[in-house]
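Student: Here's a sequence, model it:
(chains A and B)
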Number of protein chains: 2
Amino acid sequence: MKNFADRLTERIKVLSNPTVLGLDPAAEYVPDEMLLYYGKQVEDKSMATSMAIFEFNRMLIDATCDIIPAVKPQFAYYEMYGVHGMEALRRTISYAKEKGMLVIADAKRNDIGSTAAAYANAIIGETAMWDQTVSSMYDADAVTLNAYLGIDGIQPFIDVAKTKGKGMYILVRTSNPSAGDFQDLRMEDGETLYEKVARKVAKWGEDLVGECGYSSVGAVIGATWPEQAAALRQIMPKSLILVPGYGAQGGSADAAAVNFDASGNGAIVNASRSLMCAYKKRDDLKPMDFQAAAYDEAVRMRDDLLSAIARKVK
Amino acid sequence: MKNFADRLTERIKVLSNPTVLGLDPAAEYVPDEMLLYYGKQVEDKSMATSMAIFEFNRMLIDATCDIIPAVKPQFAYYEMYGVHGMEALRRTISYAKEKGMLVIADAKRNDIGSTAAAYANAIIGETAMWDQTVSSMYDADAVTLNAYLGIDGIQPFIDVAKTKGKGMYILVRTSNPSAGDFQDLRMEDGETLYEKVARKVAKWGEDLVGECGYSSVGAVIGATWPEQAAALRQIMPKSLILVPGYGAQGGSADAAAVNFDASGNGAIVNASRSLMCAYKKRDDLKPMDFQAAAYDEAVRMRDDLLSAIARKVK
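Tutor: Purely as a prediction, here's the structure:
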């Protein structure tokens, strides 16, 4: 199976767009008409909400799959609706792949050996069933991970990534205000914790470097921290970067562009609310025109990022 | 709603047993007869496996609910079986509570503000449905968390814990061999990362101290690190400790006992495989006698822990 970094880099090139569509479908993002439609048909409320969410996702994927290379469903927003929410997640991942999009499962998993292996099997690998046959469950292309437990919690994902052409993004510098509570702590040798994590990410990814020059063991660096991002790029020259925090969280295109190389490769920038809820800012459109609104915003975001990357390279 | 720390401490006292039954039901733990029974009845393999797992859990709960105060289902082992696995998890949590056991959801969640709130709602709180009514999804009593993102990722859980009498255990010192990769890093002031995390855990828990003297904001400290545990107890005198790593992972009762106070309160020790798979070590029992084997092992473990705590206090 082809290396994840190569698959993603190629798809970004084909579409000339380093954007990932975050699918974090809180019920309040979904147009009322859609919630009401399923709410009236289906008695179980978590099932009705989950069906509306899947339909919303499906239409967003239809609207953007020719312009955006990947989606990033955030597991929390599905888990919140219980078992039916997880079914909406499974169907969303499956539909996005059908439409040619890569899927980054934003699950931030972390656990020890055999448990980490169970998560790796669940999200990017295959699970052994009662009769020892194996099946894929969520079957995403990549997954976000938290490295607090050290290599024990990462190795099982690397093992699956090698055999199945999958990838991972390890939290290095998160986009939130309190990221520094621990990540900024300075060590006795002068380096910060997030720099220490970055060094391990670079090392752990050495065996998964693809033809594109990047590794399928990537890193998460928030667009809200451009100075740190520039330093981290030096520590992790071959890591694919996943950049959250653009748009709603306050990160600019120029801040996100710090993560890209001179050819405009090596990173992908996430937007969730600004794409999903673009319709809420359009007085000229009805809520059910959310597809057109998401498409227009995807074009604007792409051009915003490409301009910033061009400025940076120049 | 009564404080989680008080509810757990009271139940431990009533049963004189600071043990938590880890429910990490890999298919290979389940007796073949049970897998075969559901496998023959149900065509969908992940559903058949999940049904066997729930039934195995149900019988383990029946066998131990009069002697063990709490269960700790590990989310990975249910997520591994997809949507049907999550239904087995939901039913396991519900059944354990029905039988009077407290439930610690071992999910190690970590995310930023609104996403952390979604997880808190999913696992210990309530979710707003399409029509704004609210329902509980997994409704566990407590959840394990990872603090790499700082207070942003913890506060939403504290908020739910306050209003609903729930709790959390934050990873401080994990039981696995590579725990030290980052947790042992030494800061410029001489403290290690796990000590820094412990200080925050103590501070974050100040508002949730119950009548028992302990806070519902607890910490995870592996039984494999007794020296660190002793130092950490000083930093977090009021934190409930969840102690994994006893038994199969090599931690002894004496090592676990370091986490308890002079009255034998303040901690709970997890065992998963050694209880679930006790039947595999019993030549005198058939696999379907796993209830008796789990009960006998629960008695042995309780007495082992109580003796170690008594030795420590003396």
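
Student: Can you tell me which helices and strands the longest helix seen in chain A packs against?
Tutor: Secondary structure of chain A per DSSP state H: the longest helix is helix A:290-313. Here helix A:290-313 touches strand A:19-23, helix A:45-64, helix A:253-257, strand A:267-271, helix A:273-276, going by 3 or more C-beta pairs under 8 Å, 6 or more residues apart in numbering or on different chains; DSSP states H and E. C-betas here are computed from N, CA, C, even on glycine.

Student: same for the third one, what does it pack against?
Tutor: With contacts defined as 3+ C-beta pairs under 8 Å, 6+ apart, helix A:253-257 has these neighbours: helix A:226-235, strand A:267-271, helix A:290-313.

Student: So which of the ones you listed is the most surrounded?
Tutor: Mean neighbours per residue, mean count of other C-beta atoms under 10 Å in any protein chain shown, is largest over the helices and strands packed on helix A:253-257 for strand A:267-271, with a mean of 29.

Student: related to what we said a few turns ago, now do the longest helix of chain A: distance to the chain's middle.
Tutor: Its chain's C-alpha centre and that of helix A:290-313 lie 17 Å apart, by C-alpha atoms, centre = their mean, to the nearest Å.

Student: related to what we said a few turns ago, mean pLDDT added to the helices and strands packed on helix A:253-257, as a markdown table?
Tutor: Compiled in a markdown table, these are given as follows (pLDDT from 0 to 100):
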| stretch | mean pLDDT |
| --- | --- |
| helix A:226-235 | 93 |
| strand A:267-271 | 97 |
| helix A:290-313 | 96 |
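
Student: quick one: which of these is nearest A:Leu102?
Tutor: strand A:267-271 (9.2 Å; C-beta to C-beta).

Student: who does that closest one pair up with?
Tutor: Looking at strand A:267-271 with DSSP bridges, its partner strands are strand A:19-23 (parallel), strand A:239-243 (parallel).

Student: Switch the helices and strands packed on helix A:253-257 over to TSV; also include distance to A:Lys2.
Tutor: Shown next, in TSV, are the helices and strands packed on helix A:253-257 (distance: least, C-beta to C-beta, whole Å):
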stretch	distance to A:Lys2
helix A:226-235	25
strand A:267-271	17
helix A:290-313	25
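
Student: Check the secondary structure at the residue nearest the centre of chain A for me.
Tutor: Among the residues of chain A, A:Lys72 comes closest to the average C-alpha position under C-alpha atoms, centre = their mean, at 3.7 Å. Taking DSSP: H, G, I helix; E, B strand; the rest coil as the rule, one finds A:Lys72 in the strand state.

Student: With B:Gly125 as the reference, measure out to the nearest residue to it once chain neighbours are set aside.
Tutor: Leaving aside its sequence neighbours, A:Lys72 sits nearest to A:Ile104 (C-beta to C-beta, 6 or more residues apart in numbering or on different chains; 4.4 Å). Distance of A:Ile104 to B:Gly125, given as C-beta to C-beta, to the nearest Å: 27 Å.

Student: The residue nearest to A:Lys72 should be in a helix, yeah?
Tutor: No: read with three-state DSSP, A:Ile104 is strand and lies in no helix.

Student: what about it, how many residues close to it?
Tutor: Residues contacting A:Ile104 under the criterion other C-beta atoms under 10 Å in any protein chain shown number 27.

Student: which residues does it contact?
Tutor: A:Val20, A:Ala70, A:Val71, A:Lys72, A:Ala140, A:Asp141, A:Ala142, A:Val143, A:Thr144, A:Tyr169, A:Leu242 (C-beta atoms under 8 Å, 6 or more residues apart in numbering or on different chains).

Student: which among those gets closest to chain B?
Tutor: Using C-beta to the nearest C-beta, A:Thr144 comes nearest to chain B of the contacts of A:Ile104, at 9.4 Å.

Student: does the helix or strand where the closest one lies come close to chain B?
Tutor: A:Thr144 is part of strand A:142-145 when elements are defined by DSSP states H and E. No: judged by C-beta under 8 Å from any C-beta of the partner chain, strand A:142-145 and chain B are separated, with a smallest distance of 9.4 Å.

Student: Return the distance of the following helix or strand past that strand from the chain's centre.
Tutor: As assigned by DSSP H and E, the chain's next helix or strand after strand A:142-145 is helix A:155-164. Remark: helix A:155-164 is offset 18 Å from the chain centroid, using C-alpha atoms, centre = their mean.

Student: Please list the residues outside helix A:155-164 that contact it.
Tutor: Contacts of helix A:155-164 (C-beta under 8 Å, 6+ apart): A:1, A:4, A:113, A:116-117, A:119-121, A:124-126, A:143, A:145, A:166-168, A:204, A:207-208, A:216-217.

Student: burial count for the residue in the stretch 1-150 of chain A that chain B sits nearest to?
Tutor: Closest residue of the stretch 1-150 of chain A to chain B, C-beta to the nearest C-beta: A:Gly150 (2.9 Å). A:Gly150 has 21 neighbouring residues, counting by other C-beta under 10 Å.

Student: didn't it look like it was pressed against B:Asp181?
Tutor: Yes: using C-beta atoms under 8 Å, A:Gly150 is in contact with B:Asp181, at 2.9 Å.

Student: Name the stretch among the strands paired with strand A:267-271 that sits most buried.
Tutor: With a mean of 28, the top stretch among the strands paired with strand A:267-271 by mean neighbour count (mean count of other C-beta under 10 Å) is strand A:239-243.
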